[in-house]
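Trainee: kindly generate the corresponding structure for this input.
(chains A and B)
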Amino acid sequence: MKRRDFFKTSIAASAALVGSSLSAGVTTQPITGRKISKVAFPEKRPMITYSDRPPLLETPRDIFTQSITPNDSFFVRWHLPDIPTYIDPDAYTIKIDGLVERELNISLKSLKHDFEQVEVTAVLQCGGNSRSAFHPIPGGIQWGSGAMGCAKWKGVRLSDILDRAGLKKDAQWIGFNGLEKAAYYETPNFVRELHLEELDDHVILAYEMNGEDLPYLNGYPLRLIIPGYYSDSWVKMMSHITVTNKYKSLFFMDEAYRVPDNATESETPQKHFKSTKPITKMNVKSVIGYPLEGAKIAYHSQLVVRGVAFDSGLGIKDVQISLDDGKTWESALLDNDAGRYAYKAFRFGFKPNKYGKLKIMAKAINRLGEEQPLAKDVLWNHGGYKYNGIDVVNVEVV
Amino acid sequence: MKKLIVMMLLSISLFAQVKEEMEVPYIAYEIKMGKGFDAVNANCLMCHSFGYIINQGPQSKLFWKKKIDKMIVHFKAPITKEDQKTVLDYLYKHYGNGELK
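Mentor: Here you go, the predicted model:
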């Protein structure tokens, strides 16, 4: 079969699926192989680009052979278009106020010198990563699999900062605000609130990413890191922390980044489930970084399938590969441990011994025994959140 | 001489990686031209690029109606009744999937 035809069939198959009117939502593999833009954004190499204002950049899939995502390939996701284009690190301060004993204005320099410095390697993943897997499509950016990355973050514990400020007795909610602003004065700003109970010692305010200053587009000079959680609350260009005793009603908290509050976190496109809950902790997931969809692999060559796997921090126990459409599974090799919140890189070598199409599937399993479902068994939700289907790459052995 | 180099390296690491103003490139999105585009240009470019519209792909009329409503209700987009209708017709014509809902 010619390469052309090979791709045509898969496109036709998914088009048939999407075109028909569906009663239940249908989930497939997310879109892969989107074009990389010719234009590079500051400190980045050219990436899959959805928007320039605000910048929305996806990491190309081949990066996911590495357990650390390089800063220049790390995905970018802002909500509002008005982002400062200049930050003076010598003048930058973060303000802590509200229900605290002492209001603080901490400079970057003081953060780096007057507090204990800590590091954590953690996966940052958008809750809408892989949204293009859901049909009918939920509104929002139609990400492929690259709205995620893993980096070594360095900074200061949030709890140390809050301790220094001294929480008052009735303190309950911590609001985080960055410098990103709406273009229109009535548009709600992207403020996030977390309950004190959700914040443990692993939460840090980071100024360094993989040994460098945070890249501008990843939130320079300071961002929140909440290991194990989807990145909706990892506020960038963090400038203000407010402690309150009452939850404020905010669009980006009450409407966005929520899933149906039922056992399967799902609903039908016709009838959305009434009550919702925040997406919070990440489910178990793996993505194959090599080979890529449609690749031609030489017959009997030694092929090494590579990818990354992660969960909310319980830890990945096993990544399994299937070459026979899921009938049998074999364990891949996992790399050394960079901590429970980090990517586990996996690799699986074999010699393809049959010409023609070959379907490679990867499934991660965590310490609790939770494993990725087949894509078709990931149930639909109208925000298109939390996709974690078994990853599939189709290649051709020639 | 050696000493000097070491000192220079040290002082460099104290500087931020980026001292100058950032320039985020502009992208010219290939949005379709046609009747009603003026209203789209006037009402839908204030808070984000056309990338947001194009990336949704072909959608039903109801989908686009709900998107416009969302912009108005949640993000407070100031769009007149008349323009709402013009924008909806434009979106459905150029980014519609042929289905009403």
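
Trainee: so where's chain B shaky on pLDDT?
Mentor: B:1-19 (pLDDT under 70).

Trainee: kindly recompute the last result at 50.
Mentor: Within chain B, the segments meeting pLDDT under 50 span B:1-15.

Trainee: flag every residue of it that's near chain A.
Mentor: Contact residues (C-beta under 8 Å from any C-beta of the partner chain) of chain B with chain A: B:16-18, B:20-27, B:46-49, B:51-52, B:55-57, B:59, B:63, B:66-67, B:70, B:74-78, B:99. (Each C-beta comes from the backbone N, C-alpha and C, glycine too.)

Trainee: which members of those residues are positioned in helices?
Mentor: In helices, defined here by DSSP state H, the members of those are B:51-52, B:63, B:66-67, B:70.

Trainee: put the buried members of these into a ChimeraX selection.
Mentor: Typed into ChimeraX, the line below selects the buried ones among those, using 16 or more other C-beta atoms under 10 Å in any protein chain shown:
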select /B:51,52,63,67
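
Trainee: redo the ones in helices among the residues of chain B next to chain A as TSV? Include distance to A:Phe190.
Mentor: Shown next, in TSV, are those (distance: C-beta to C-beta, whole Å):
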residue	distance to A:Phe190
B:Gly51	18
B:Tyr52	15
B:Phe63	24
B:Lys66	22
B:Lys67	19
B:Lys70	16
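
Trainee: for PyMOL, write a command that selects the buried ones of the residues of chain B next to chain A.
Mentor: Selection command for PyMOL covering only the buried members of the residues of chain B next to chain A, criterion 16+ other C-beta under 10 Å:
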select buried, chain B and resi 16+18+22+24+27+46+47+48+49+51+52+55+56+59+63+67+75+76+77
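
Trainee: just give the nearest non-adjacent residue to the residue nearest to the spatial centre of chain A, would you?
Mentor: Nearest residue to the geometric centre of chain A (C-alpha atoms, centre = their mean): A:Gln125, 1.1 Å. Among residues not flanking A:Gln125 along the chain, A:Met148 sits closest, at 3.8 Å (C-beta to C-beta, 6 or more residues apart in numbering or on different chains).

Trainee: pretty sure that neighbour contacts A:Phe75?
Mentor: Yes: if you go by C-beta atoms under 8 Å, A:Met148 and A:Phe75 touch, sitting 6.6 Å apart.

Trainee: and for those two, which residues touch both?
Mentor: Counting by C-beta atoms under 8 Å, 6 or more residues apart in numbering or on different chains, the contacts common to A:Met148 and A:Phe75 are A:59, A:126.

Trainee: and residue 32, what does it touch?
Mentor: Here I'm looking at chain A. A:61, A:144-145, A:292-293, A:393.

Trainee: um, chain B though
Mentor: B:Lys32 is in contact with B:94-95, counting by C-beta under 8 Å, 6+ apart.

Trainee: and it, how far is that from chain A?
Mentor: 17 Å (C-beta to the nearest C-beta, to the nearest Å).

Trainee: so that residue: helix, strand or coil?
Mentor: Classification of B:Lys32 by DSSP: H, G, I helix; E, B strand; the rest coil places it in coil.

Trainee: quick one, strands of the stretch 201-350 of chain A?
Mentor: A:204-209, A:212-213, A:223-225, A:238-244, A:258-260, A:276-278, A:285-290, A:296-297, A:303-310, A:316-322, A:330-331, A:333-334, A:344-350 (DSSP state E, counting those that start in this stretch).

Trainee: helices and strands around the fourth one, which ones?
Mentor: If contacts are counted by 3 or more C-beta pairs under 8 Å, 6 or more residues apart in numbering or on different chains; DSSP states H and E, strand A:238-244 sits against strand A:93-98, helix A:158-165, strand A:173-178.

Trainee: what's the burial count for the residue of the stretch 201-350 of chain A found nearest chain B?
Mentor: Residue nearest to chain B within the stretch 201-350 of chain A: A:Asp213 (4.2 Å; C-beta to the nearest C-beta). Using other C-beta atoms under 10 Å in any protein chain shown, A:Asp213 has 20 neighbouring residues.

Trainee: pretty sure it sits against A:Tyr207.
Mentor: Yes: at 6.9 Å, A:Asp213 counts as touching A:Tyr207 under the criterion of C-beta under 8 Å.

Trainee: overlap in contacts of the two?
Mentor: In contact with both A:Asp213 and A:Tyr207: A:Pro221, using C-beta under 8 Å, 6+ apart.

Trainee: contacts for the biggest helix by length in chain B, please.
Mentor: What stands out as the longest helix in chain B, according to DSSP H, is helix B:81-95. Applying C-beta under 8 Å, 6+ apart, the contact partners of helix B:81-95 are B:32, B:34-37, B:39-40, B:42-44, B:53-54, B:56-59, B:61, B:64-65, B:67-68, B:72, B:79.

Trainee: only the buried subset of the residues you listed, as a PyMOL command please.
Mentor: Paste this into PyMOL to select the buried members of the contacts of helix B:81-95, with burial taken from 16+ other C-beta under 10 Å:
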select buried, chain B and resi 36+39+40+43+44+53+54+56+59+61+64+65+67+68+79
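
Trainee: can you name the residue of the stretch 1-150 of chain A nearest chain B?
Mentor: For the stretch 1-150 of chain A, C-beta to the nearest C-beta, closest residue to chain B: A:Ser51, 3.5 Å.

Trainee: who does that residue bridge with?
Mentor: A:Leu56 (DSSP bridges).

Trainee: identify the residues contacting it.
Mentor: A:141, B:27, B:48-49, B:51-52, B:55.

Trainee: specify which member of those is nearest to A:Asn189.
Mentor: B:His48 (14.7 Å; C-beta to C-beta).

Trainee: got the phi and psi for the closest one?
Mentor: phi -160, psi 170 (degrees, to the nearest 10).

Trainee: how much space separates it from A:Tyr290?
Mentor: As for B:His48, its distance to A:Tyr290 is 34 Å (criterion: C-beta to C-beta, to the nearest Å).

Trainee: equivalent analysis for B:Phe37, please.
Mentor: Relative to A:Tyr290, and taking C-beta to C-beta, B:Phe37 is found at 43 Å.

Trainee: A:Asn177 now?
Mentor: Distance, A:Asn177 to A:Tyr290, by C-beta to C-beta: 40 Å.

Trainee: compare these two (neighbour count), which wins?
Mentor: Remark: of A:Asn177 and A:Tyr290, A:Asn177 carries more neighbours, 20 against 17, as counted by other C-beta under 10 Å.

Trainee: give me every residue that touches that one.
Mentor: Counted by C-beta under 8 Å, 6+ apart, A:Asn177 has contacts A:189-192, A:235, A:238-242.

Trainee: any chance of JSON lines for those, columns neighbour count?
Mentor: Below are those laid out as JSON lines (neighbours: other C-beta atoms under 10 Å in any protein chain shown):
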{"residue": "A:Asn189", "neighbour count": "15"}
{"residue": "A:Phe190", "neighbour count": "23"}
{"residue": "A:Val191", "neighbour count": "17"}
{"residue": "A:Arg192", "neighbour count": "19"}
{"residue": "A:Val235", "neighbour count": "26"}
{"residue": "A:Met238", "neighbour count": "20"}
{"residue": "A:Ser239", "neighbour count": "19"}
{"residue": "A:His240", "neighbour count": "17"}
{"residue": "A:Ile241", "neighbour count": "24"}
{"residue": "A:Thr242", "neighbour count": "18"}
